[in-house]
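>>> predicted coordinates and the sequence they were generated for:
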Amino acid sequence: MKIAIFTDTFTPDVNGCAKTLKRYTDYLNSKGIPFKVFAPESTHETPFSSDIRRFTSLPFFLYPECRMALPNLVQIKAELRTFNPDLIHIATPFNIGLAGLKLAKKWNIPAVASYHTDFDQYLSYYDLQMFSNLLWKYMRWFHKSFHKIFVPSNETLMQLKAKRFRNLSIWRRGVDCSRFHPSFKSEQVRERYGIKETYILSYVGRLAPEKDLETLLKIARHPSLRKDVHWLIAGDGPLKKELEKQAPANMTFAGYVEGEELSRIYASSDLFVFPSPTETFGNSALEALACGTPVIGADSGGLKDFIKNGKNGFLAEPKCPEAFTEAIMHVLGNPSLKKRMEQEARNYALAQSWEAIFENLLAECESVLAKSIGDRTA
């Protein structure tokens, strides 16, 4: 099976979709399965790869890390004919995705989609709620012809089912438990960021309105969390400068972090606090669990699938600083509970193997291909 992947974001872009697709192509490569990625150029330096065709692009205004490509259809057609894929996988509903959808229909190539981002929830954070109905109308049109639409969580599946999407199937996310491991806990984190307080609470992710970092600041300013707590914020984005201005004295911004330093931040934190209500999954929360760090997250979106109250974390009412603060204080005030939750966090992550997840995904793709071949020969 040869797979052509059309996406408006890909490594080295820093977002959940890009990281997941990079994992997927690494898996395909390890299994000797031919693939071709059609993606925008990145703002970061990108090494040449014959498996990836990049196009001139501009930043998408809602999500600058997701590029609006200017695809050359003549070039795409030529390369797609040469590659001759058995299946097309479309990961984004923008220019590159539209090009892939057009050619899949024109040449009768079976196509599947993956749904990574809840753009409708983003609208309210950019005062664009008036476009919600128009957005859903477009999204239904875009997705209506796919043989399968892969979604990352039950919550997203139910949301799309309510919007009359069909052929939905869950493609969960995994985590590399050797890269993210409790053994990365280190005093280097305290030394590097000058942390003297007893507890470290961390957030890792994009610093943007849809992550509801306004709630995070309100939590950090709560009187109960001003003593013995230090906040460590890893990530970059359009709100970084404004957040730094508003942040309390016990909050440090580490900027964009990756590799072992990121693992050390997760593993050295007492709790991972994630107020974002817009996650279709929540990759950083799962990475925190793999490092043995319990998660206090918003009771919304993909987190509801894997954060279990009192087991590996707590879910708090979205946009409610009091609820988050209560959960944080409950865990920090109960050392035996915290210890149990750390073990439960790691145990859960150990069961989330990328290998098994990608095997299931490929099996579903193979069933789509078999059905398509059967329909053509019937």
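Received, thanks.
>>> scan the chain for its longest helix.
helix 354-377 (DSSP state H).
>>> would you pull up how far that helix lies from the middle of the chain?
23 Å (C-alpha atoms, centre = their mean, to the nearest Å).
>>> is T252 located within a strand, as I assumed?
Yes - counting by DSSP: H, G, I helix; E, B strand; the rest coil, T252 falls inside a strand.
>>> list the residues that contact the closest residue to it other than its chain neighbours.
In space, and not counting its chain neighbours, T252 is closest to Y193: 4.8 Å by C-beta to C-beta, 6 or more residues apart in numbering. (Each C-beta comes from the backbone N, C-alpha and C, glycine too.) Residues in contact with Y193 (C-beta atoms under 8 Å, 6 or more residues apart in numbering) are 230, 232, 252, 254.
>>> and Y193, how far from V204?
Computed as C-beta to C-beta, to the nearest Å, the Y193 to V204 distance reads 14 Å.
>>> where does pLDDT dip in this protein?
43-48, 60-67, 377-378 (pLDDT under 70).
>>> domains of it?
Split into domains by automatic domain parsing, the chain comes to 3-174+353-377, 182-350.
>>> hmm, G282 is touching G297, no?
Yes - at 6.9 Å, G282 and G297 qualify as touching, with contact defined as C-beta atoms under 8 Å.
>>> what touches both of these two?
Joint contacts of G282 and G297 (C-beta under 8 Å, 6+ apart) are 274, 276, 303.
>>> quick one: which of the residues you listed has the most company?
The most crowded member of the shared contacts of G282 and G297, judged by other C-beta atoms under 10 Å, is F274 (27 neighbours).
>>> before we move on, the earlier item: among the domains of the chain, which is the most enclosed?
Stretch with highest mean neighbour count among the domains of the chain: domain 182-350 (a mean of 19; mean count of other C-beta atoms under 10 Å).
>>> now it, how far from the centre of its chain.
16 Å.
>>> can you get me the start-to-end distance on it?
12 Å (C-alpha to C-alpha, to the nearest Å).
>>> cool, stretch 200-214 as well?
19 Å.
>>> sorry, back to before: of the contacts of Y193, which is the nearest to Q75?
Nearest to Q75 out of those is A254 (C-beta to C-beta; 40.2 Å).
>>> roughly how far apart are the closest residue to that closest one other than its chain neighbours and T20?
Spatially, and ignoring its direct neighbours in sequence, A254 is nearest to A234 (4.5 Å; C-beta to C-beta, 6+ apart). The gap separating A234 from T20 is 19 Å, by C-beta to C-beta.
>>> roughly how far does the residue nearest to A254 sit from K144?
Per C-beta to C-beta, A234 is found 39 Å from K144.
>>> for D299, same thing?
For D299 relative to K144 (C-beta to C-beta), the value is 31 Å.
>>> same question for F253.
43 Å.
>>> try L28
Computed as C-beta to C-beta, the L28 to K144 distance reads 27 Å.
>>> same question for L135.
Taken as C-beta to C-beta, the span from L135 to K144 is 15 Å.
>>> what about stretch 128-137, start to end distance?
15 Å.
>>> likewise stretch 347-354?
First-to-last residue span, stretch 347-354, C-alpha to C-alpha: 15 Å.
>>> next one: stretch 105-115
19 Å.
>>> cool, stretch 182-193 as well?
End residues of stretch 182-193 are separated by 19 Å (C-alpha to C-alpha).
>>> kindly report the same for stretch 299-313.
Termini of stretch 299-313 sit 11 Å apart (C-alpha to C-alpha).
>>> residues touching it, excluding its own?
Contacts for stretch 299-313 (C-beta under 8 Å, 6+ apart): 118, 152-156, 172, 272, 274, 276-282, 285-286, 289, 294-297, 314-318, 337, 341, 344-345, 348.
>>> likewise for stretch 252-261?
Residues contacting stretch 252-261 (C-beta under 8 Å, 6+ apart): 14, 184, 193-195, 204, 230-236, 240, 243-244, 247, 265.
>>> just these: which are in strands?
Members of the contacts of stretch 252-261 lying in strands (criterion: DSSP state E): 204, 230-234.
>>> which two in the residues you listed are spaced the farthest apart?
Going by C-beta to C-beta, the pair spanning the ones in strands among the contacts of stretch 252-261 furthest: V204 and H230, at 15.1 Å.
>>> so for stretch 246-263, first residue to last residue, what's the gap.
Terminal residues of stretch 246-263 are spaced 27 Å apart (C-alpha to C-alpha).
>>> what of stretch 302-319?
Rule used - C-alpha to C-alpha; the end-to-end distance of stretch 302-319 is 16 Å.
>>> check stretch 37-52 too.
5 Å.
>>> ok, E326 to A316 distance?
For E326, the distance to A316 - C-beta to C-beta - is 8 Å.
>>> strand partners of the helix or strand hosting F272, parallel vs antiparallel please.
In the assignment (DSSP states H and E), F272 maps to strand 271-274. Sheet partners assigned to strand 271-274 using DSSP bridges are listed as strand 199-204 (parallel), strand 295-298 (parallel).
>>> possible to save these as JSON lines with distance to Y125?
Formatted as JSON lines, the strands paired with strand 271-274 follow (distance: least, C-beta to C-beta, whole Å):
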{"stretch": "strand 199-204", "distance to Y125": "17"}
{"stretch": "strand 295-298", "distance to Y125": "13"}
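>>> indicate which one of these is closest to L101.
Short answer: strand 295-298, nearest of these by C-beta to C-beta, at 32.4 Å.
>>> which outside residues touch that closest one?
212, 271-277, 279, 282, 285, 288-289, 303, 307, 312-319, 324, 327-328, 331, 345.
>>> from those, which land in helices?
285, 288-289, 303, 324, 327-328, 331, 345.
>>> pipe these into TSV and attach distance to R54 per row.
Listed next are the ones in helices among the contacts of strand 295-298 as TSV, based on distance: C-beta to C-beta, whole Å:
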residue	distance to R54
A285	30
A288	32
L289	34
L303	33
F324	40
A327	43
I328	43
V331	45
A345	38
